[in-house]
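[1] Task: produce atomic coordinates for the following.
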Amino acid sequence: MSPASPTSLAIRAEDLCKHYALGHGQPPKKAIDGVTFRIGEGERVGFIGRNGAGKTTLLQMLAGIAEPSGGILHVDGKVTAIFTLGMGLREDLTGLENIFVEGELMGRTREQTQALVDEIVAFAELGAFIDRPVRTYSTGMKARLAFSTIVHIEPEILIIDEALSVGDVKFGAKATAKMRELTRKGRILIVVSHSMGAIEDMCSRCLWIDEGRIRLDGPPSEVTRAYLDEVRRADEAKLSERFRHQLVNESLLPGWSIDAAEMQSAEGLVVQHVVTGDSCAFSARVRAPAGEGFQAVLGLHRLDGLAVLETTCRFDGQSAAMCASGERRLHLDFGRLPLNYGLYKAQLEIRTDAGPAARRAVLFEVVNPRPPRGGRPVLVYPSTLTVTKTS
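    Numbers count the residues shown, from 1 in each chain. Presented below is the predicted three-dimensional model:
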């Protein structure tokens, strides 16, 4: 690596590789396999990719923790890397003492750090806890202290793995604003996150790492959309294979069947993934003997067994909705889907006076790009909180 430049910050990688020997005659594992990119002053770059894609290995080389196996890597600027936020805190020291230790490690004088203490403490929202040993802090308090200290001492190149897992929504917004402020001053920010919403909010550029290579490099909205599309396509096959036993399709009485069942987008396209808050519907074609009525029961369950919905509709045998072949189309419009992320099963059962006549199920996944923090509610209703002056 080149020494830090006093005038400009930059990272340059050319055909960069990192291989790990596996032994026992096996070929080496190519964690990073010939990547080339440049990052300049003021850039906020997000790295995305599946677990094991090589993101952390690449960041470790940028931080000087791991040595490349080949290629060229130049890092002009002092790198501060956080792979586990709060891990570097000294448990027996107070929060205030940790601030001064971190300042010294980052090359600041005591006087320079002292000038930032009030701002650091206020940003971390620690109050009187700043004078207590860090071992008495919660995980969130440690994360806020570590993050606040580092960003206020203003590193030249900041690398953070899962940067926005530092507190609640309010603190996450503060963290994003602070990191944007750093890059406006010419600092370089590199973030690894599995939250596509966080990458779009924070970053001006995004690199998709896939099997040790750069799959795509461009604007965050374009790269994250391409990544999610690829992930969903790959997951669809796994979803069907893993839960194949849930995909029932049974005709239980002669002449009765459910010939098709599917989840549809607002445009009427068949989908297996729905985004929380997007419009969608369940559609099915039911074949019944001419002149016979039936009851349609649609149940919606999360795959851990949680019942979400059951709705019932009765059809008489003379309904105009039935064509000459005895086929009817059932359509349930969910409107803007209020379900939180998870795997779900929609199962339609046709019942007659003689008992169940047919049943069929479909699986779908709900994706919430901005999941609520502090738990996993099954419903995410759109709502607006307003504050008005009392009379």
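[2] mind checking the longest helix of this structure?
    If each helix of the chain is counted by residues according to DSSP state H, the longest one is helix 220-242.
[3] could you say what helices and strands the helix or strand just after that one packs with?
    Read in the C-terminal direction, the helix or strand following helix 220-242 is strand 249-251, with elements assigned using DSSP states H and E. Applying 3 or more C-beta pairs under 8 Å, 6 or more residues apart in numbering; DSSP states H and E, we find strand 249-251 packed against strand 257-265, strand 355-367. Using the backbone N, CA and C atoms, a C-beta is placed for each residue, glycine as well.
[4] For the longest helix of the chain, the averaged confidence score.
    For helix 220-242, the per-residue pLDDT values average out at 81.
[5] could you say what helices and strands that helix packs with?
    Packing contacts for helix 220-242, counted by 3+ C-beta pairs under 8 Å, 6+ apart, involve strand 44-48, helix 196-202, strand 205-210, strand 213-218, strand 273-275, strand 355-367.
[6] Convert the third one to PDB, retaining C-alpha atoms only.
    If I follow you right, that is strand 205-210. Coordinates of each C-alpha in strand 205-210 appear next as PDB, following Å, rounded to 0.1, in the frame of the first residue of the first chain:
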ATOM      1  CA  ARG A 205     -22.400   4.700  -5.700                       C
ATOM      2  CA  CYS A 206     -22.800   1.000  -5.200                       C
ATOM      3  CA  LEU A 207     -20.700  -2.100  -6.000                       C
ATOM      4  CA  TRP A 208     -22.400  -5.500  -6.200                       C
ATOM      5  CA  ILE A 209     -19.800  -8.200  -5.200                       C
ATOM      6  CA  ASP A 210     -20.700 -11.700  -6.400                       C
END
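[7] which neighbours does that strand have in its sheet, and in what orientation?
    Each strand paired with strand 205-210, and its direction, by DSSP bridges: strand 44-48 (parallel), strand 213-218 (antiparallel).
[8] Report the inter-axis angle for the longest helix of the chain versus strand 213-218.
    With axes from the mean of the first three to the mean of the last three C-alpha atoms, to 10 degrees as the basis, helix 220-242 and strand 213-218 are set at 130 degrees to each other.
[9] Run through who's touching helix 220-242.
    With C-beta atoms under 8 Å, 6 or more residues apart in numbering as the test, helix 220-242 has contacts from 46, 48-50, 196, 199-200, 203-208, 215-217, 247, 272-273, 343, 363, 365, 367.
[10] 10 Å instead, please
    44-46, 48-50, 195-210, 215-219, 246-247, 271-273, 275, 303, 343, 363-365, 367, 369 (C-beta atoms under 10 Å, 6 or more residues apart in numbering).
[11] how far out from the middle of the chain is that helix?
    Helix 220-242 sits 12 Å away from the centroid of its parent chain (C-alpha atoms, centre = their mean, to the nearest Å).
[12] Can you tell me the number of residues neighbouring residue 307?
    10 (other C-beta atoms under 10 Å).
[13] quick one: low-confidence ranges for the stretch 251-391 of the chain?
    Along the stretch 251-391 of the chain, the parts satisfying pLDDT under 70 run over 317-325, 373-375, 382-385, 391.
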